[in-house]
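Asker: build the 3D model from these lines:
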Amino acid sequence: MSLTQQSRYDRQVACWLLLCAAVIFGMILLGGVTRLTNSGLSMVEWKPLMGVIPPMTEGQWQETFNKYKQFPEYQKVNLGMDLDGFKSIFMYEYLHRVLGRLIGVIFFFPMLFFALKGRVRLGYMPRLWVLFVLGGLQGLLGWYMVKSGLVDNPRVSQYRLTSHLGLAVIIYAYMLWVAFDLLFDGRKRTAPTAPNWARAIPVLVFLMILTGGLVAGIRAGFAYNTWPLMGSSFIPPLLYDLDPWWVSAFEDITTVQFNHRMFAYALFGVMHIYAWQAITKSHGSEGARVKVAVSLMLAALWLQVILGISTLLLHVPVWLAACHQGGAVLLLTTSIYTGHVLLRQVEPTTRTAGSDRLPGGLQSDDVRV
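Answerer: This is a model prediction of the structure:
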């Protein structure tokens, strides 16, 4: 296969992966809306295959509603809800599950096609299988999360919710990285442009998303709807007040929201330092690309800060909270792209007279890798 042909196939595979990533982005947004509208426990059964078909007749709807009535969420939270109200929350969770199945279809069958046609670059097929396996595990983890709310306390576990969100983000991030490797020059970098920062920043953004998952899981965003103070002080009382103290970081509303804020402030500062270093240490033809990537990342960062503060001050409206969750994934996307640009850039070396002469009389341009 010629290099030109392989490059064309790489672009095809990369575009397919970017399409899948875009659908996963939508899946994350829809999952957030499902949670914010308290719709996640409306489907009390897990049918991976037959669950694609929703109730069609009035009798089927009533049967599904009667099953929901047997669980604590109806009995303790939605007692007296009518069938029309049930249909509205059911459809959010139904669409969320159907979209998950759709992602499996649009990933698996094109993967088989590209593999059978020999269009997947050598060494990349195991990466695609890893993505497929992680997608299957994500479906199992989603049902494991829902099960935690079908008990006496009709709220899903914040640990399972955060794990479910985290795995979705991992799949999304890894898919982007593989696509970027195929789209752009895959050579290892030679320029000294903050490689450690380039790897660390996406990880920090990911951890920030996890702290947001904990905030969502225990509904900490509905407390302390003030900024920059939490109530009447910057550092609220009763931080880490549970026993043992470290449990507060996961289960105490005050501590969880405080940690999310402090992480945001720290990340905001660190990312600006990172951006400054990336721009000042990048030169030559790669410098312009670095500046574009860093500018996109900073724009996403400022947008996310504005969305976060607005969501808090306006008492977590559904549409704004969903935008805030989407903004977090957008920030991760730009940080991954920036990191990829930095880690893959190649700084041209300065030639001296005769430096391009190799042993045996060969010129450097005669060498092909």
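
Asker: do you know the pLDDT at Gln62?
Answerer: Gln62 is assigned 95 on the pLDDT scale.

Asker: ah, wrong one, I meant Trp245
Answerer: Confidence score, pLDDT, at Trp245: 93.

Asker: likewise Gln345?
Answerer: We have a pLDDT of 67 for Gln345.

Asker: check the one 4 residues further on too.
Answerer: With respect to pLDDT, Thr349 scores 45.

Asker: cool, and Leu342?
Answerer: Per-residue pLDDT puts Leu342 at 88.

Asker: not counting sequence-adjacent ones, nearest residue to it?
Answerer: Closest residue to Leu342 apart from its sequence neighbours, by CB to CB, 6 or more residues apart in numbering: Ala198 at 4.2 Å. C-beta: built from backbone N, CA, C; applies to glycine.

Asker: ok but Leu150 is inside a helix, no?
Answerer: No. Counting by DSSP: H, G, I helix; E, B strand; the rest coil, Leu150 is not found in a helix; it is coil.

Asker: measure how far the one helix or strand Gln277 maps to is from the centre of its chain, please.
Answerer: Per DSSP states H and E: Gln277 is located in helix 253-280. The chain centre lies 18 Å from the centre of helix 253-280; the measure is CA atoms, centre = their mean, to the nearest Å.

Asker: what residues are up against the residue nearest the centre of the chain?
Answerer: Nearest to the geometric centre of the chain sits Val169, at 2.9 Å (CA atoms, centre = their mean). Counting by CB atoms under 8 Å, 6 or more residues apart in numbering, Val169 makes contact with 28, 206, 209, 329, 332.

Asker: following element in sequence after the strand or helix carrying it, please.
Answerer: Using DSSP H and E, Val169 maps to helix 158-183. Proceeding N to C from helix 158-183, the next assigned helix or strand is helix 195-217, under DSSP H and E.

Asker: angle of that following helix against helix 253-280?
Answerer: Taking axes from the mean of the first three to the mean of the last three CA atoms, to 10 degrees, helix 195-217 and helix 253-280 form an angle of 150 degrees between their directions.

Asker: tilt between helix 195-217 and helix 158-183?
Answerer: 140 degrees.

Asker: what's helix 195-217 packed up against?
Answerer: On a contact count with 3 or more CB pairs under 8 Å, 6 or more residues apart in numbering; DSSP states H and E, helix 195-217 meets helix 158-183, helix 253-280, helix 318-344.

Asker: any idea how this structure splits into domains?
Answerer: For the chain, the structural domains run 1-183, 190-347, going by automatic domain parsing.

Asker: sorry, back to before: who wins for proximity to Gly32 among the helices and strands packed on helix 195-217?
Answerer: helix 318-344 (4.2 Å; CB to CB).

Asker: counting contacts, what elements does the closest one pack onto?
Answerer: With contacts taken as 3+ CB pairs under 8 Å, 6+ apart, helix 318-344 sits against helix 3-36, helix 158-183, helix 195-217, helix 253-280, helix 285-313.

Asker: show me the shaky parts of the stretch 1-150 of the chain.
Answerer: 1, 49-51 (pLDDT under 70).

Asker: would you map the helices across it?
Answerer: Per DSSP state H, counting those that start in this stretch, the stretch 1-150 of the chain carries helices over the ranges 3-36, 58-69, 72-76, 83-116, 125-147.

Asker: determine which of those helices approaches Tyr274 most closely.
Answerer: Using CB to CB, these put helix 3-36 closest to Tyr274, at 23.3 Å.

Asker: check which residues of that closest one are buried.
Answerer: Going by neighbour count (16 or more other CB atoms under 10 Å), the buried part of helix 3-36 is 9-10, 12-14, 16-18, 20-21, 23-25, 27-28, 30-36.

Asker: with stretch 85-95 instead?
Answerer: Buried residues in stretch 85-95, counting neighbours by 16+ other CB under 10 Å, are found at 86-87, 89-90, 92-95.

Asker: would you confirm that the residue nearest to Leu342 contacts Gly339?
Answerer: Yes. In this structure, Ala198 is within contact of Gly339 by CB atoms under 8 Å, at 3.9 Å.

Asker: compare neighbour counts for these two and give me the winner.
Answerer: Gly339 (25 against 22; other CB atoms under 10 Å).

Asker: of all the helices of the stretch 1-150 of the chain, which lies closest to Leu238?
Answerer: Across the helices of the stretch 1-150 of the chain, Leu238 has its closest neighbour in helix 3-36 (26.4 Å, CB to CB).

Asker: how far off centre is the closest one?
Answerer: 12 Å.

Asker: tell me what that helix is packed against?
Answerer: Checking 3+ CB pairs under 8 Å, 6+ apart, helix 3-36 ends up next to helix 83-116, helix 158-183, helix 318-344.

Asker: now the last one against helix 3-36, angle please.
Answerer: Note on geometry: by the same axes, to 10 degrees, helix 318-344 and helix 3-36 are set 150 degrees apart in direction.

Asker: can you check what angle separates helix 318-344 from helix 285-313?
Answerer: Counting by the same axes, to 10 degrees, helix 318-344 points 160 degrees away from the direction of helix 285-313.

Asker: distance from the chain centre to helix 318-344, please.
Answerer: Remark: helix 318-344 is offset 8 Å from the chain centroid, using CA atoms, centre = their mean.
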